[in-house]
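Enquirer: kindly return the folded structure for what I paste below:
(2 chains)
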There are 2 protein chains.
Amino acid sequence: MAQKPVIGLLGGGQLGLMLCEAAGPLGTVEIAVLDAEDCPAKHAARKNGLHVTGSFKDPAKIKELAARCDVLTVEIEHVDTEILEEIATKGVEVDGKMKKVPVHPSWKTIRLIQDKYQQKEYFGQKGIPIAEQMAIKSGSERKASLHEVGQKFGFPFMLKGSKGSYDGRGNFKIRTAQDFDSVAEQMGDQPLYAEKWVTFDMELAVMVVRVEDDDGKLNRVLPYPVVETVHEDSICTKVFFPPRNTAVTEEIKIQAQKVACDVVASLWGRGVFAVEMFLKDGQILVNEVAPRPHNSGHYTIEAVHQMSQYKAQLVSILNKVPKNLDLSPTVSSAIMLNILGGAEPTSHDRLANLAEELTSKYMHVFLHQYGKESKPGRKIGHITATGSSSIGQLEERARPLITCVDEIRAERVGGSPPAGTSSQGSKPDPLVAVTMGSDSDLNVMIKATDILEEFGVPYTWNVTSAHRTPEYMEQKAAEWSQGSVKVIIAGAGGAAHLPGMLASITHLPCIGVPVKGSTCDGMDSLLSIVQMPRGIPVATMGINNATNAALEAVRILGNTYPEYVDKMRAYQKRIKVEVLAKDRKAQVTSPRDYLKGM
Amino acid sequence: MAQKPVIGLLGGGQLGLMLCEAAGPLGTVEIAVLDAEDCPAKHAARKNGLHVTGSFKDPAKIKELAARCDVLTVEIEHVDTEILEEIATKGVEVDGKMKKVPVHPSWKTIRLIQDKYQQKEYFGQKGIPIAEQMAIKSGSERKASLHEVGQKFGFPFMLKGSKGSYDGRGNFKIRTAQDFDSVAEQMGDQPLYAEKWVTFDMELAVMVVRVEDDDGKLNRVLPYPVVETVHEDSICTKVFFPPRNTAVTEEIKIQAQKVACDVVASLWGRGVFAVEMFLKDGQILVNEVAPRPHNSGHYTIEAVHQMSQYKAQLVSILNKVPKNLDLSPTVSSAIMLNILGGAEPTSHDRLANLAEELTSKYMHVFLHQYGKESKPGRKIGHITATGSSSIGQLEERARPLITCVDEIRAERVGGSPPAGTSSQGSKPDPLVAVTMGSDSDLNVMIKATDILEEFGVPYTWNVTSAHRTPEYMEQKAAEWSQGSVKVIIAGAGGAAHLPGMLASITHLPCIGVPVKGSTCDGMDSLLSIVQMPRGIPVATMGINNATNAALEAVRILGNTYPEYVDKMRAYQKRIKVEVLAKDRKAQVTSPRDYLKGM
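Expert: Numbering: from 1, shown residues only, chains lettered A, B, ... in the order given. Down below sits the predicted model:
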């Protein structure tokens, strides 16, 4: 076997642990961890004689690690970039010779990210959308500087330490000018900057893989899907893929991925990067960037099964990213819940039982425990639930897990579990779009939405006319084609062009319902819909039979979501039973009496 | 955290390694491995002070392991069951007291499996289908016994050592009575038995999880999907899910799972079991049983992602199998290829490059290397390719990998790669069923199969009449509903009942094509198909428009298989370009000249 490359890892917490877990089966790379002897990552790393015991902040230890590695990477950005720069540019002494060891992501990236103010200034210069910010002067000028901010941004505003803070540590919300007096106490004399207060609708995040050629030239950036993140106490505790709120349209998702890619393209070196963003009124603002695997990317282990963020970190650092790598999810939906240590060391044990109980055909639950001692608030594991259903349905199924996590937190911090988590945007992505040429068709088409509701199929509905709103029709068809919608149902009467025109624009299966008008007994509608030219099919239903249109949509969805097969079988059984009941009645009733009873 | 249970594992090869890899993220169990210090499993196990160095055949070491564990299991069945029985029933001394340590699967199971002759006799008594066999007498009676077999079974027949053989070692094919003289040389004086020669169509395997309550009562057996296995030099080298050959009908798959479950239910203890079977003319014969994770179950790591055979081994041993566990695959198809050490230590390095190159949106390639030194013929890793397509399409995409594995083998054993592997049953499972009421409809329906072929959609077709062959129609509809078929296309004319009757039986989406008959201009067919009662939808196409029926089927398949979305988009682009070309011609041609040119 070819000699395996060795990646040196600064820091051996849970991110390093999962990196080692990803490296194991590959068998193509060794990881040498610099951290305490008993750190989680060393427990999971394949046994090798390469680990270094010590602090990842100790320059001598970093050099010791570098000497035995082919490349260095970090689990956390709070590392000494002077040493990393020296190792990458001047080298480290090995057998009397200087050996340069590449650092990925680059020490330049890590240095920039360490200074949150400079980082944002840099992104701003690159045209990336960020919240307005101002540096705060130090020492005796600080107070005047704060007043200046208060005047410019108004209250409240956010005061942040430029360096060394994460998981919200070092943030201080300034509510009024009176708070200026507490700044020294809260923040010490560290360098500070102010950020304009952003009231956002929700937080999104995108992991991005940065691929760089051996000559240091950017090759490409590959985004993972967009997720919704929920923060509690400034820690990302819940992740939803896809975002639950339908306000996050396909357009916004594409925009978020684009912004994230722009951010990562503007940096240096290889690896995965987390880009955290605010969404406000359809606008994206970049909030934070982490130059490493991230909490908001844990879900990829199961949901982008071909390439988790950890495997991506390895293959990008080694410049082994498959040419045709595709980061499409392998599941329809996923929810990641952090397990934070509870009030008692055993607080979270019930989560394991719950995970076992809730596992089903429709929801797979994956429990990850990091082997860390449980302390209140400490990240000791996470749970990922995946589904072959919409995120709304998965959230319903995962509700007991979410409640349990919330309860453990409430026991720890006091107070009751947050009520908001579930209602925030719980409207699931639509699987079916129901549309009609006129609102006068609704008394027929209502049967379709009734059936969809009966089967628990998330749907969207609207009115669009092929003849009166051709551009709008085109726009909706394009939107549905790119979104979550898998089947379109269109009803129309007369010269009923809507179903066929939609079918011409989209690749999705389109079901047409001929609506009976005031003339021709509906035959005009039927023939307008069914007699499509070769090339563009419309699945045509009987005249006014919107019920069957929805049932056909459910049958089609059954190919993707097994639960609809089960529901369809149950429905078919039920209608059979209904007819058999009528037959039983017929056996004991004369036809004329039967007719009277109807 | 609750005290973690400790599983003691006898043997630390690649099966143990993957067991440890599965245990890692769970964080709910410790594994203590008994094997050499440097064995693969110990490299992957979470660091703990529990491992025992030594041979898993050494009774003292087994007891040492048992003393520090809550339960024992095995990676290989060739272990001393006397010691295991003693540990389970009498116990092992810990701090002056005897501690009983359960063994899973039971030592009784392992003991039975070790004697291949007794094992089969036992299965035979339980009504499980096996090949005919006869024990061979030992010593001076051996020759007479062999002659007796020759007379009873005819030639060739298979001579097998009852004990201690695996991967085909200890098998000897007796071609003629002359071979009797070589028996001593080939097989020594070990206990032997003869098996009637089985010429099979293919080999199948099913992994089964055995769940047993704490009181030792069988709770349930859960089968994984059926796979096709390919053996070379008596080693399982390739696994296909689902089986490639369409001769393996849904009925046979259900039968194979049932037989495998019967086998495993007849044994004792917890864990996963591999049941290897021969298929001959639709009949199943049990060939071998392994009481542990198995080569033919490697594919589950990626293809039954919620519960690999390794995770299943852990949770069943710990009696933590989720109540509603479902072992449905999470991918449409998978191929597992063993990596055997080649002629050179670096022979298989090209596989890693190939895996990287071939990774795409449609095929995910997962390379597993066990970290073992490469020796010719040694199992040093495996590759699993998964697809969201049929097994036939996946096989095409994975062809370079299969060829590479075959070439590495050919370099090692000499000769050319096997030609047969690919052609054996490469006809993929149908996704669409095309049917019609009469063969006179075929000149219309041929357009549907043309389109399906153009889009590379595997399909099946037949003739069935709702009125003349109602039972046959019912049988086909039921078969398609349970099989790989995802869409039914039915054409019919006149009182065209076939599409609607099929829709009444199946839950699948049904597309109807009204075929124009000699009267009524096709309106009879159209209305017979489209005017279905509420409850049972038929997606109706235009009269004679079988083209659109197939295109609609492709759109529906696009929801499950993204490649058909890409193909449909390309098709729509192509027909657009065709019309635009005609328009360009129109710009430079008078209508009358254009008409003449048509």
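
Enquirer: what sits against whatever residue of the stretch 151-300 of chain A ends up closest to chain B?
Expert: Closest contact between the stretch 151-300 of chain A and chain B, by Cβ to the nearest Cβ, is at residue A:298 (10.8 Å). Every C-beta, even on glycine, is put in place using the N, C-alpha and C of the backbone. By Cβ atoms under 8 Å, 6 or more residues apart in numbering or on different chains, the contact set of residue A:298 is A:18, A:239, A:309, A:336, A:368, A:382, A:384.

Enquirer: of those, list those near chain B.
Expert: A:18, A:368 (Cβ under 8 Å from any Cβ of the partner chain).

Enquirer: out of the contacts of residue A:298, which comes closest to chain B?
Expert: For the contacts of residue A:298, the nearest to chain B is residue A:368 (4.7 Å; Cβ to the nearest Cβ).

Enquirer: skipping adjacent residues, who's closest to that closest one in space?
Expert: Distances taken as Cβ to Cβ, 6 or more residues apart in numbering or on different chains place residue B:25 nearest to residue A:368, at 4.7 Å, with adjacent residues excluded.

Enquirer: the host helix or strand of the one you found packs against which elements?
Expert: Element membership for residue B:25, per DSSP states H and E: helix B:14-26. If you count contacts as 3 or more Cβ pairs under 8 Å, 6 or more residues apart in numbering or on different chains; DSSP states H and E, helix B:14-26 packs onto helix A:14-26, strand A:363-369, strand B:6-10, strand B:30-35, helix B:40-44, helix B:309-317.

Enquirer: can you tell me which of the ones you listed the model trusts least?
Expert: Sorting these by mean pLDDT places helix B:40-44 lowest, at a mean of 89.

Enquirer: elements contacting that one?
Expert: helix B:14-26, strand B:30-35.

Enquirer: and the next helix or strand past it?
Expert: Towards the C-terminus, the helix or strand next in line after helix B:40-44, according to DSSP H and E, is strand B:52-53.

Enquirer: name the surrounding residues that touch that next one.
Expert: B:32-37, B:61, B:64-65, B:68.

Enquirer: redo that, cut-off 6 Å
Expert: Residues from elsewhere that reach strand B:52-53 (Cβ atoms under 6 Å, 6 or more residues apart in numbering or on different chains): B:34, B:37, B:61, B:64-65.

Enquirer: buried subset of the residues you listed as a ChimeraX selection?
Expert: Per 16 or more other Cβ atoms under 10 Å in any protein chain shown, the buried members of those correspond to this ChimeraX selection:
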select /B:34,61,64,65
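
Enquirer: from the contacts of strand B:52-53, which ones fall inside strands?
Expert: Among the contacts of strand B:52-53, the members falling in strands (DSSP state E) are residue B:34.

Enquirer: now tabulate the contacts of strand B:52-53 in JSON lines and tack on distance to residue A:284.
Expert: Listed next are the contacts of strand B:52-53 as JSON lines, based on distance: Cβ to Cβ, whole Å:
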{"residue": "B:34", "distance to residue A:284": "56"}
{"residue": "B:37", "distance to residue A:284": "54"}
{"residue": "B:61", "distance to residue A:284": "61"}
{"residue": "B:64", "distance to residue A:284": "60"}
{"residue": "B:65", "distance to residue A:284": "57"}
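
Enquirer: closest to residue A:564 out of the helices and strands packed on helix B:14-26?
Expert: Nearest to residue A:564 among these is strand A:363-369 (15.3 Å), distances taken as Cβ to Cβ.

Enquirer: the closest one packs against which elements?
Expert: Contact partners of strand A:363-369 among helices and strands, from 3 or more Cβ pairs under 6 Å, 6 or more residues apart in numbering or on different chains; DSSP states H and E: helix A:349-358, strand A:379-387.

Enquirer: and those, which is most packed in?
Expert: When the helices and strands packed on strand A:363-369 are scored by mean count of other Cβ atoms under 10 Å in any protein chain shown, the highest mean neighbour count falls to strand A:379-387 (a mean of 25).

Enquirer: which stretches of the stretch 351-500 of chain A form helices?
Expert: Secondary structure of the stretch 351-500 of chain A (DSSP state H, counting those that start in this stretch): helices located at A:391-413, A:420-423, A:442-454, A:470-482, A:498-505.

Enquirer: between the last one and helix A:470-482, how many degrees?
Expert: In other words, helix A:498-505. 60 degrees (axes from the mean of the first three to the mean of the last three Cα atoms, to 10 degrees).

Enquirer: chain center to whatever helix or strand comes next after helix A:498-505, what's the gap?
Expert: For helix A:498-505, the following helix or strand on the C-terminal side (DSSP H and E) is strand A:510-515. Computed by Cα atoms, centre = their mean, to the nearest Å, the chain-centroid distance of strand A:510-515 equals 35 Å.

Enquirer: ok, back up a step: tell me which of the helices and strands packed on helix B:14-26 sits nearest to residue B:487.
Expert: Closest among the helices and strands packed on helix B:14-26, using Cβ to Cβ: strand A:363-369, at 26.8 Å.

Enquirer: which ones are touching residue A:531?
Expert: Residue A:531 touches residue B:542, counting by Cβ under 6 Å, 6+ apart.

Enquirer: let me fix that: residue A:556
Expert: Residue A:556 sits next to A:487, A:509, B:509, B:556 when contact means Cβ under 6 Å, 6+ apart.

Enquirer: can I assume the last one sits in a helix?
Expert: Yes: inclusion of residue B:556 in a helix is indicated when DSSP: H, G, I helix; E, B strand; the rest coil is applied.

Enquirer: look up how far residue A:90 lies from it.
Expert: Look at residue B:556 and residue A:90: by Cβ to Cβ, to the nearest Å, they are 62 Å apart.

Enquirer: same question, the second one
Expert: Between residue A:509 and residue A:90 the computed distance is 62 Å (Cβ to Cβ).

Enquirer: and the stretch 251-400 of chain A, which of its residues are near chain B?
Expert: A:305-306, A:320, A:322, A:324, A:326, A:349, A:356, A:359-361, A:364, A:368-369, A:371, A:374 (Cβ under 6 Å from any Cβ of the partner chain).

Enquirer: what stretches of chain A score poorly on pLDDT?
Expert: Low-confidence segments of chain A, defined by pLDDT under 70: A:1-2, A:164-169, A:415-428.

Enquirer: quick check: longest helix in it by residues?
Expert: Taking DSSP state H as the criterion, chain A has its longest helix at helix A:562-587.

Enquirer: which strands or helices does that one pack on?
Expert: helix A:546-558.

Enquirer: next, count neighbours for the closest residue to residue A:347 other than its chain neighbours.
Expert: Nearest non-adjacent residue to residue A:347, counting by Cβ to Cβ, 6+ apart: residue A:408, 5.0 Å away. Residue A:408 sits with 22 neighbouring residues when counted by other Cβ atoms under 10 Å in any protein chain shown.

Enquirer: contacts only, for residue A:408.
Expert: By Cβ under 6 Å, 6+ apart, residue A:408 lies in contact with A:342, A:347-348.

Enquirer: cheers, nothing more for now.
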